[in-house]
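>>> here is a sequence together with a model predicted from it:
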Amino acid sequence: MTWEEAVEHDRPVVVTGLMGAGKSSVARILAAELGRELRDSDPDLSARYGATAAEMAERDGADELHRREAEHLRDALAERPSPVIAAAASTVEDPDCRAALGPAVVVWLDAPPEVLAERMLSGGHRPHFEPDLGAMLTKQRARRGPLFTEVADLTVDVSSTRPEEAAAEVLAFLGGR
Ligand SMILES: Nc1ncnc2c1ncn2[C@@H]1O[C@H](COP(=O)(O)OP(=O)(O)O)[C@@H](O)[C@H]1O
Ligand SMILES: O=C(O)C1=C[C@@H](OP(=O)(O)O)[C@@H](O)[C@H](O)C1
Ligand SMILES: [Mg+2]
């Protein structure tokens with residue numbers, strides 16, 4: 001099956017991973033290549049609530065932020081035609097979100113915490129739940145890694161792969177299905 005045919009099957013394509021993994025970058029390329037709408041948690045929630053994820057975590061609390069992120073993912077998964085979705089990292093911890101991911105093609109972008117800690121500094125929109133980002137991401141990866149494994153159809157090691165190469169890997173995977 002080519003990826004054009006995969007698109008016709010209309011399964012949502014969901015890009016997951018910890019903060020800084022490249023979800024926004026890769027999902028943007030995939031949406032353009034597949035001719036689909038893009039749903040990206042951070043900019044979508046900023047537009048809706050008038051605050052970045054970091055500001056919402058500070059103002060409304062991490063639990064409320066994660067609730068909004070889970071709702072964003074579930075709403076995006078229900079859209080037709082199916083978009084490409086950059087899902088907030090937190091959503092993998094939500095059992096309803098994991099169940100809702102069942103029919104989707106899920107990609108996990110993975111890299112070591114120290115690589116992600118560096119990349120996460122690219123934008124001020126991300127919450128720093130603790131000052132040592134490497135330590136924070138190490139704990140998140142220990143907790144979420146098995147859950148990403150559970151939901152992922154494809155894992156891409158992005159430690160030394162540019163977003164364009166990661167997106168090409170996903171397109172090849174879609175084409176081979
Ligand atoms: N594979 C990669 N190699 C090098 N830099 C990357 C890669 N993927 C993303 N980046 C960079 O890392 C930063 C975080 O990427 P982003 O797509 O915003 O991640 P996320 O949405 O997962 O938080 C950006 O500056 C981006 O340009
Ligand atoms: O790992 C987390 O708990 C979070 C990751 C971030 O999402 P992204 O991975 O989309 O940046 C952030 O917006 C969210 O509120 C909290
Ligand atoms: Mg992002």
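Ah, there it is. Residues are numbered from 1 along each chain as shown. Ligands and ions are numbered 1, 2, ... in the order given.

>>> contact partners of the longest helix belonging to the chain?
The longest helix of the chain (DSSP state H) is helix 133-151. With CB atoms under 8 Å, 6 or more residues apart in numbering as the test, helix 133-151 has contacts from 16-20, 89, 92-93, 98, 101, 106, 108, 110, 113-114, 116-117, 120-121, 128-130, 155. (Each C-beta comes from the backbone N, C-alpha and C, glycine too.)

>>> tell me which of these fall in strands.
Cross-referencing the contacts of helix 133-151 against strands under DSSP state E gives 16, 106, 108, 110, 155.

>>> what bridges to the fourth one?
The reference is to residue 110. Beta-bridge pairing for residue 110 (DSSP bridges): residue 157.

>>> model confidence score at it, please.
pLDDT for residue 110: 98.

>>> what do you get for the one 3 residues further on?
In the predicted model, residue 113 carries a pLDDT score of 97.

>>> what about it, how many residues close to it?
A total of 20 residues lie near residue 113 under the criterion other CB atoms under 10 Å.

>>> and for whichever strand or helix holds residue 32, what's in contact with it?
Using DSSP states H and E, residue 32 sits in helix 23-34. Helix 23-34 has contacts (CB under 8 Å, 6+ apart) with 3, 7, 13, 15-17, 36-38, 40, 42-43, 83-87, 89, 107, 109, 158, 163-164, 166-167, 170-171, 174.

>>> show me how far the longest helix of the chain is from its chain's centre.
Relative to its chain's centre, helix 133-151 lies at 13 Å (CA atoms, centre = their mean, to the nearest Å).
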